[in-house]
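Chemist: Just a sequence and a predicted model for now, questions to come.
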Amino acid sequence: MNTVLFRTVPINSGDAAQTVTFDFEGRQLHAPRGITVAAALMQNQVLHFRDSPVSGQPRAPYCQMGVCFECLVQINGVQNRQSCMTTIEDGMVIRMQRGQTTFTVIQTGEAQ
């Protein structure tokens, strides 16, 4: 049984105003304007978005609604962006998120 999980959305190549160009890992890719980063990557056959910080195993979008955090990528230099919750924009630079990332701890209030 051959099951297709995702259907490619056809792009009218004559209507450049309806498409965006973005960079993923050094490759110039194209997608319809208005879809999510996750959808744009999957439409371009990208199915490895990040590596698990625990096991190093490849991860890809799962829930597509911002709950599972499997779709984290780096967008324009900012880590930990949920690609399923971010709309693709022309000129975006997207990178895979590999392993453990760093966080800045901001302490507010008085010290106890």
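Modeler: Cool, got the structure.

Chemist: And the strands in the protein?
Modeler: With strands called from DSSP state E, the chain shows them at 19-24, 27-32, 50-51, 58-59, 72-75, 78-82, 93-96.

Chemist: which one of those lies closest to residue 44?
Modeler: Residue 44 lies closest to strand 27-32 among the strands of the chain, at 4.5 Å (CB to CB). Bear in mind the C-beta positions are built from the backbone N, C-alpha and C, glycine included.

Chemist: picking up where we left off before, same list as before, the strands of the chain that is, but in TSV and with distance to residue 39 and mean neighbour count included.
Modeler: Below are the strands of the chain laid out as TSV (distance: least, CB to CB, whole Å; neighbours: other CB atoms under 10 Å):
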stretch	distance to residue 39	mean neighbour count
strand 19-24	12	17
strand 27-32	7	16
strand 50-51	16	20
strand 58-59	16	16
strand 72-75	13	21
strand 78-82	13	15
strand 93-96	13	18
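
Chemist: Among those, which comes closest to residue 109?
Modeler: Of the strands of the chain, nearest to residue 109 by CB to CB is strand 78-82, at 24.0 Å.

Chemist: chain center to that closest one, what's the gap?
Modeler: The chain centroid and the centroid of strand 78-82 are separated by 8 Å under CA atoms, centre = their mean, to the nearest Å.

Chemist: ditto for stretch 58-71
Modeler: 9 Å.

Chemist: mind checking pLDDT for the residue nearest to residue 97 when sequence neighbours are not counted?
Modeler: Among residues not flanking residue 97 along the chain, residue 50 sits closest, at 3.9 Å (CB to CB, 6 or more residues apart in numbering). Looking at residue 50, its pLDDT is 91.

Chemist: Tell me how far residue 50 lies from residue 57.
Modeler: According to CB to CB, to the nearest Å, residue 50 stands 10 Å off from residue 57.
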